[in-house]
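[1] Using only what follows, build the 3D model:
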Amino acid sequence: MNTNEDLMAELERLKAENASLKKAPSRGTLSLKVSAKGAVSLYGMGRFPVTLYKEQWLKLLGFSDEIRKFIEQNDSQLKTKD
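    Coordinates of the predicted model:
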């Protein structure tokens, strides 16, 4: 390919990438993706994603009742992020 064709192909690739980024969930909206290493990444909780492997997520989800109880018991000491 010549340089002009290379530039046109790169332009089309960047347009497609830009379109996909515009479809990305807005900040604060939770979303999930499979990471490059095959883990589950949760986006929207903060600046960086929370990434755990499948068995870690399942273990955490199984512990959710205890987490809720702990939060209720320690509510007066816990801060809320606005």
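[2] which residues of the protein score low on pLDDT?
    Applying pLDDT under 70 to the chain picks out residues 1, 24-27.
[3] Confirm for me that residue 60 is in contact with residue 52.
    Yes: here residue 60 reaches residue 52: they are 6.9 Å apart, a contact under CB atoms under 8 Å. For the C-beta atoms, the positions are set from N, CA and C on the backbone; glycine is no exception.
[4] More neighbours: these two, which one.
    More crowded of residue 60 and residue 52, by other CB atoms under 10 Å: residue 52, with 16 against 12.
[5] ok, residue 11 to residue 18 distance?
    Counting by CB to CB, to the nearest Å, the separation of residue 11 from residue 18 is 10 Å.
[6] no, scratch that, I was asking about residue 29
    According to CB to CB, residue 29 and residue 18 sit 19 Å apart.
[7] Just the C-alphas of the longest helix seen in the chain, formatted as CSV.
    Assignment by DSSP state H gives helix 3-22 as the longest helix of the chain. Provided in CSV are the C-alpha atoms of helix 3-22 (Å, rounded to 0.1, in the frame of the first residue of the first chain):
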residue,chain,number,x,y,z
THR,A,3,1.3,6.2,2.1
ASN,A,4,-2.1,7.7,1.2
GLU,A,5,-3.8,4.3,1.6
ASP,A,6,-2.1,3.8,4.9
LEU,A,7,-3.3,7.1,6.1
MET,A,8,-6.9,6.4,5.0
ALA,A,9,-6.8,3.0,6.7
GLU,A,10,-5.5,4.6,9.9
LEU,A,11,-8.2,7.3,9.7
GLU,A,12,-10.9,4.7,9.4
ARG,A,13,-9.5,2.7,12.3
LEU,A,14,-9.4,5.8,14.5
LYS,A,15,-13.0,6.7,13.5
ALA,A,16,-14.1,3.2,14.5
GLU,A,17,-12.2,3.4,17.8
ASN,A,18,-13.6,6.9,18.5
ALA,A,19,-17.2,5.6,17.9
SER,A,20,-16.7,2.7,20.3
LEU,A,21,-15.3,5.0,23.0
LYS,A,22,-18.4,7.3,22.7
